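Asker: heads up, no residue letters with this:
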């Protein structure tokens, strides 16, 4: 017997899957791009093992996906509408869009962050540098 899952159950399951505050932070940190665990560690100031548990749950629910590049695994949203859902929920809760931006990754050691850091410092050299 093949029972289909009712739409309200699907919605409830999705909301339950992302309801943890750390998972919301992870999804905001990933945003429309991608992030590795070391990037998330740097941003959220949480232990790698704790972040990995949340990433595993989000992956199981097919909210995020991953790709490997050498020793680094990068995570991204399967559907960018999840970010829109979080932003809309924030607006309903009275949270400004600016309060939902998580960006600082200056302590991240992954090649992607280092490349971005080098590009930014090349575009905006420290005063006295040419």
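Answerer: Cool, got the structure. Keep in mind the model is a prediction, meaning the values are calculated, not measured.
Asker: so where's the chain uncertain?
Answerer: Scanning the chain with the threshold set as pLDDT under 70 gives 1-2, 103-108, 112-130.
Asker: Count the residues that sit near residue 25.
Answerer: Neighbourhood size, residue 25 [other C-beta atoms under 10 Å]: 19. (Each C-beta comes from the backbone N, C-alpha and C, glycine too.)
Asker: tell me the SS of residue 67?
Answerer: strand (DSSP: H, G, I helix; E, B strand; the rest coil).
Asker: ok, what's across the strand from it?
Answerer: As for beta bridges, residue 67 partners with residue 74 under DSSP bridges.
Asker: residues contacting it?
Answerer: Listed by C-beta atoms under 8 Å, 6 or more residues apart in numbering, the contact set of residue 67 reads 34, 73-74, 76.
Asker: how about the strands in the protein?
Answerer: 35-36, 64-69, 72-77 (DSSP state E).
Asker: rewinding a little: can you lay out the contacts of residue 67 as TSV showing neighbour count and distance to residue 20?
Answerer: Output for the contacts of residue 67, formatted as TSV (neighbours: other C-beta atoms under 10 Å; distance: C-beta to C-beta, whole Å):
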residue	neighbour count	distance to residue 20
34	18	20
73	16	20
74	18	21
76	15	19
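Asker: Return the most buried member of the strands of the chain.
Answerer: Neighbour counts (mean count of other C-beta atoms under 10 Å) averaged over each of those peak at strand 35-36, with a mean of 24.
Asker: Could you please name the strands that strand pairs with and the direction of each pair?
Answerer: Strand 35-36 has the following sheet partners, assigned by DSSP bridges: strand 72-77 (antiparallel).
Asker: what's the closest of the contacts of residue 67 to residue 58?
Answerer: Distance to residue 58 across the contacts of residue 67 (C-beta to C-beta) is lowest for residue 76, with 10.9 Å.
Asker: how much space between residue 79 and residue 109?
Answerer: Using C-beta to C-beta, to the nearest Å, residue 79 is found at 29 Å from residue 109.
Asker: ok, back up a step: so can I have a markdown table of the strands of the chain showing distance to residue 11?
Answerer: Converted to a markdown table, the strands of the chain look like this (distance: least, C-beta to C-beta, whole Å):
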| stretch | distance to residue 11 |
| --- | --- |
| strand 35-36 | 26 |
| strand 64-69 | 18 |
| strand 72-77 | 17 |
